[in-house]
Every structure is written in structure tokens, then in C-alpha cells.
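structure of the sequence below:
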Amino acid sequence: MTNLMISLRRSPRMLLERDGHPGPGPGKLGLVVARAGVGKTAFLTGIGVDALLSGQKVLHVSVERSIDKIREWYDEQLVEMLKRERKLEHLSAVQLTMERRRHIHTFIGQSFSVDRVRQTVSLLRDSMEFVPAVIILDRMEYAGVDKPAIADLKAMAAEIGAELWMACRTHREGPASPGHLPPPADAFEDLVDVAFSLDPQDAKVRLHIIKDKEKMVERDLNILLDPQTLLLVPGVATKK
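Below you'll find the predicted structure:
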């Protein structure tokens, strides 16, 4: 089962496999930027699926979406992966393994705060012995998360050895200044350790890396993503 799960991985997170870990690293922040409707949430879900398939525990935090809806996205991506590998008969077994490694928390009906995320992490650790290696922060723009809150979230993640992933919606009228992330991400770019941008082109989505560790870059990875799942198109290179 482990070999099958590893073979299913199709997330852009695979491109970061270096220094002995599959993502930005504990206490680091990965960011995806794109205009509305391009697929930021699908991208983040793919990051979560990738971490689960690689054996890591994932906490998916959403501001405005239900647990059932988020679970549905994970299941849809898993089904698509298994179809591509013609291994759909393994759906139930892989699904169960992933469920055991994942916890979904939603803030529907309550206000978001970093303290509440900390409380959730502490509760999972103390009552379920669940310590996430990856924390997905979904739809944070609707919670009005600012730079101090992001810094606090990074500090929390560092305390438990988890990496963070979140998305930032950009606007057509706000192009990036040279050497900076596009607004509004430029306001907290010094907290970002790796950043991707999604560029829709000809019914596909092209992936760029725009920040890598301390360096601002603009590198076309010559990689296309499926516009529905935001997973790597089969056959593309998976190394930087």
C-alpha cells in the first residue's frame, strides 16, 4: 500500500523535495498566488493530498467551508489519481489511510483567530496524539489575516515542527513590482519561504515559482497543471 500511495503523488509539492524533506520544511510558509477562480483551493488540497500520500499528518483549516465539502475535494483528487493509475479498486483502503492521517477544522459560525488554531492544535495533540506535519490554511483572505497573524502562525508551526501552506488572491490591476511578490502578498513577503503562481493558459494552468528561500525569482518551471485538479500533468518532470 505504501508503494502505491507514493506512486500516486502528483502535487507541485514534489518539486520541493530536497534537503531531506518533501516540502518547504518545518516552520516554513509555502504560498500560492493567483487571481480569483484559477484554482488556489484545489492547489492547496493537492498539497494536503501529497503530504498524506507521503505518510505525513495534515491539519486542514478552513474559514468558510464545511468539513464535508473539504473532504469531498480530497476524495475527488484521490479518485482522479487512482483512475490515472488504473488502481481504482484500492480507493477504500487508500481513503481510510488518508482519513487517519488528516484532521479538518472549520471556522464556520465563529471568528478566526490564531489563538483558536493553537487551541485546536493543542487539543489534537493532547486528546488524539495527532501532531500535524503540514497545516493547510484555506480561504484566509476571508478572515482578514494580517502580517502579525501570519508571523504568529509560523511561530506556532515551528513549535510543533509543521510547515504551513496558504493562498493569496491577486488582482489584475495590481502587478508585482520588480523583486517583490504581487500585491497584497508583498505586504508579508519576508515571511514567505517558497511561493508559486498559477497562470491560466490555453485551457491549462502554467506553474511558476516566484520566491525560493531568500531569493525572489521568476522562473517558468515549464510545467502544466490540470485545470480541474491542479495536479501535475502526467509526463512532466518532477524535479527542479
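
C-alpha from now on. contacts and neighbour counts both.
OK.

any idea how far the most centrally placed residue in the chain is from residue 109?
The residue lying closest to the centre of the chain (CA atoms, centre = their mean) is residue 44, at 3.2 Å. In this view, residue 44 and residue 109 are 22 Å apart by CA to CA, to the nearest Å.

if I pick the residue nearest to the centre of the chain, what's in contact with it?
Residue 44 sits next to 136, 138, 165, 166, 167 when contact means CA atoms under 8 Å, 6 or more residues apart in numbering.

same thing but at 7 Å, please
Residues near residue 44 by CA atoms under 7 Å, 6 or more residues apart in numbering: residue 136.

same check on residue 37?
Per CA under 7 Å, 6+ apart, neighbours of residue 37: none.

make sure it is indeed in a helix.
No - using DSSP: H, G, I helix; E, B strand; the rest coil, the assignment for residue 37 is coil, not a helix.

gap between it and residue 67?
Applying CA to CA to residue 37 and residue 67 gives a distance of 21 Å.

same question, residue 14
Taking CA to CA, one finds residue 14 at 26 Å from residue 67.

try residue 7
For residue 7, the distance to residue 67 equals 27 Å [CA to CA].

tell me which of the two has more neighbours.
residue 67 (17 against 14; other CA atoms under 10 Å).

now do the helix or strand where residue 136 lies: which elements does it pack against?
For residue 136, the host element (DSSP states H and E) is strand 134-138. Judged by 3 or more CA pairs under 7 Å, 6 or more residues apart in numbering; DSSP states H and E, strand 134-138 is in contact with helix 40-53, strand 58-62, strand 163-169.

so what strands line up beside that strand?
Paired neighbours of strand 134-138 in the sheet (DSSP bridges): strand 58-62 (parallel), strand 163-169 (parallel).

per-residue confidence averaged over stretch 225-236?
In this model, stretch 225-236 has a mean pLDDT of 75.

mind listing what's buried in that stretch?
Residues of stretch 225-236 classed as buried: 225, 227, 229, 230, 231, 232, 233 (neighbour count, 16 or more other CA atoms under 10 Å).

quick one: which of those sit in strands?
residue 225 (DSSP state E).

how about the helices of the chain, start to end?
With DSSP state H applied, the chain shows helices at 2-7, 40-53, 67-85, 91-101, 114-128, 147-160, listed in chain order.

how about the CA coordinates for stretch 127-147, as PDB?
In PDB, the C-alpha atoms belonging to stretch 127-147 read as follows (Å, rounded to 0.1, in the frame of the first residue of the first chain):
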ATOM      1  CA  SER A 127      -6.500  14.100  23.200                       C
ATOM      2  CA  MET A 128      -5.700  12.300  20.000                       C
ATOM      3  CA  GLU A 129      -1.900  12.200  19.900                       C
ATOM      4  CA  PHE A 130      -2.300  13.900  16.500                       C
ATOM      5  CA  VAL A 131       0.500  16.300  15.600                       C
ATOM      6  CA  PRO A 132       0.300  17.600  12.100                       C
ATOM      7  CA  ALA A 133       3.400  17.900   9.900                       C
ATOM      8  CA  VAL A 134       1.600  20.000   7.400                       C
ATOM      9  CA  ILE A 135      -1.100  22.700   8.100                       C
ATOM     10  CA  ILE A 136      -3.200  24.000   5.200                       C
ATOM     11  CA  LEU A 137      -4.800  27.400   5.800                       C
ATOM     12  CA  ASP A 138      -7.700  27.700   3.400                       C
ATOM     13  CA  ARG A 139      -9.600  30.900   2.500                       C
ATOM     14  CA  MET A 140      -7.600  33.000   4.900                       C
ATOM     15  CA  GLU A 141      -8.400  36.200   2.900                       C
ATOM     16  CA  TYR A 142     -12.000  36.000   4.300                       C
ATOM     17  CA  ALA A 143     -10.600  36.100   7.900                       C
ATOM     18  CA  GLY A 144      -8.700  39.300   7.400                       C
ATOM     19  CA  VAL A 145      -5.400  37.700   8.300                       C
ATOM     20  CA  ASP A 146      -2.600  40.300   8.500                       C
ATOM     21  CA  LYS A 147       1.200  40.100   8.700                       C
END
